[in-house]
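K.L.:
Build me a structure from this.
(chains A and B)
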Amino acid sequence: ILNVEQSPQSLHVQEGDSTNFTCSFPSSNFYALHWYRWETAKSPEALFVMTLNGDEKKKGRISATLNTKEGYSYLYIKGSQPEDSATYLCAFIRDSSYKLIFGSGTRLLVRP
Amino acid sequence: GAVVSQHPSWVICKSGTSVKIECRSLDFQATTMFWYRQFPKQSLMLMATSNEGSKATYEQGVEKDKFLINHASLTLSTLTVTSAHPEDSSFYICSARKGGLTNQPQHFGDGTRLSIL
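P.N.:
Below you'll find the model as predicted:
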């Protein structure tokens, strides 16, 4: 059984705060890691596709890092805004089947 | 863009009814589509992988005769929950992958909330 763990489960921050979440995954048989942002009543939106150890990706105020040897990825949000409120999902891919193994997500609420 | 449309958004029906959910890629061809299910307070769990023109591959514990998947074209996959019962009530969501590109995310529909009375 492959476990993908995300922490924290939920997070409440004040507007302007910076925050980060963790995704842990098996360090063996790594193929790729995806981050998705899922707002209520919408479809999950892809943030990052990460494939190489040491990868760092950035999209506006959101960035992510990847450590495949120790099996974790961090997602950072700088200067959180209320519109960042969503559930952030990471998904592990172990081979070219591209099957996503999801974590349970981190639910972020940014208070104005 | 890469838009995936899923219908219906929600279904309420009686026990014993069969329910069909459609997943369409609107602006790209999807050689592979995936079907997921999410129970309350749990993560998205892959049910099956749907490949155009071939039989779907089901994950362990998912009954293929219960959850019929058809991927007849490069833009449409359907999931039919046959003779649905209350324990099949869940959130079902599809995703599609553009063919031939390795480092691409999956594109998701909005999901279908199924309630069986």
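
K.L.:
count of neighbours near residue 29?
P.N.:
In the absence of a named chain, this looks at chain A. By other CB atoms under 10 Å in any protein chain shown, 10 other residues sit near residue A:29. No exception for glycine: its C-beta is placed from N, CA and C like everyone else's.

K.L.:
think we crossed wires, I meant chain B
P.N.:
Neighbour count of residue B:29, defined by other CB under 10 Å: 13.

K.L.:
How about the backbone phi and psi for it?
P.N.:
Note on residue B:29: backbone dihedrals following degrees, to the nearest 10 are phi -100, psi 130.

K.L.:
which ones are touching the residue of chain A found nearest chain B?
P.N.:
Using CB to the nearest CB, the closest approach of chain A to chain B is made by residue A:46 at 3.3 Å. Contacts for residue A:46 were tallied using CB atoms under 8 Å, 6 or more residues apart in numbering or on different chains; they are A:34, A:35, A:36, B:105, B:106, B:107.

K.L.:
per-residue confidence averaged over whatever helix or strand it lives in?
P.N.:
Per DSSP states H and E, residue A:46 falls inside strand A:45-50. The average pLDDT for strand A:45-50 rounds to 96.

K.L.:
same thing with stretch A:6-19?
P.N.:
Here stretch A:6-19 scores 97 as its mean pLDDT.

K.L.:
For it, buried residues please.
P.N.:
For stretch A:6-19, the neighbour count (16 or more other CB atoms under 10 Å in any protein chain shown) marks A:6, A:11, A:13, A:19 as buried.

K.L.:
cool, and stretch B:12-31?
P.N.:
Within stretch B:12-31, judged by 16+ other CB under 10 Å, the buried ones are B:19, B:21, B:22, B:23, B:24, B:25, B:28, B:30, B:31.

K.L.:
Make a markdown table out of those and add pLDDT.
P.N.:
What follows is the buried residues of stretch B:12-31, written out as a markdown table (pLDDT from 0 to 100):
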| residue | pLDDT |
| --- | --- |
| B:19 | 97 |
| B:21 | 97 |
| B:22 | 97 |
| B:23 | 96 |
| B:24 | 95 |
| B:25 | 93 |
| B:28 | 89 |
| B:30 | 88 |
| B:31 | 82 |
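
K.L.:
Let's have those in TSV, adding secondary structure and distance to chain A.
P.N.:
Output for those, formatted as TSV (DSSP: H, G, I helix; E, B strand; the rest coil; distance: CB to the nearest CB, whole Å):
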residue	secondary structure	distance to chain A
B:19	strand	20
B:21	strand	14
B:22	strand	15
B:23	strand	11
B:24	strand	13
B:25	strand	12
B:28	coil	14
B:30	strand	12
B:31	strand	10
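
K.L.:
For the residues you listed, give me JSON lines that also has distance to residue A:95.
P.N.:
Formatted as JSON lines, those follow (distance: CB to CB, whole Å):
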{"residue": "B:19", "distance to residue A:95": "32"}
{"residue": "B:21", "distance to residue A:95": "27"}
{"residue": "B:22", "distance to residue A:95": "28"}
{"residue": "B:23", "distance to residue A:95": "23"}
{"residue": "B:24", "distance to residue A:95": "27"}
{"residue": "B:25", "distance to residue A:95": "23"}
{"residue": "B:28", "distance to residue A:95": "23"}
{"residue": "B:30", "distance to residue A:95": "19"}
{"residue": "B:31", "distance to residue A:95": "17"}
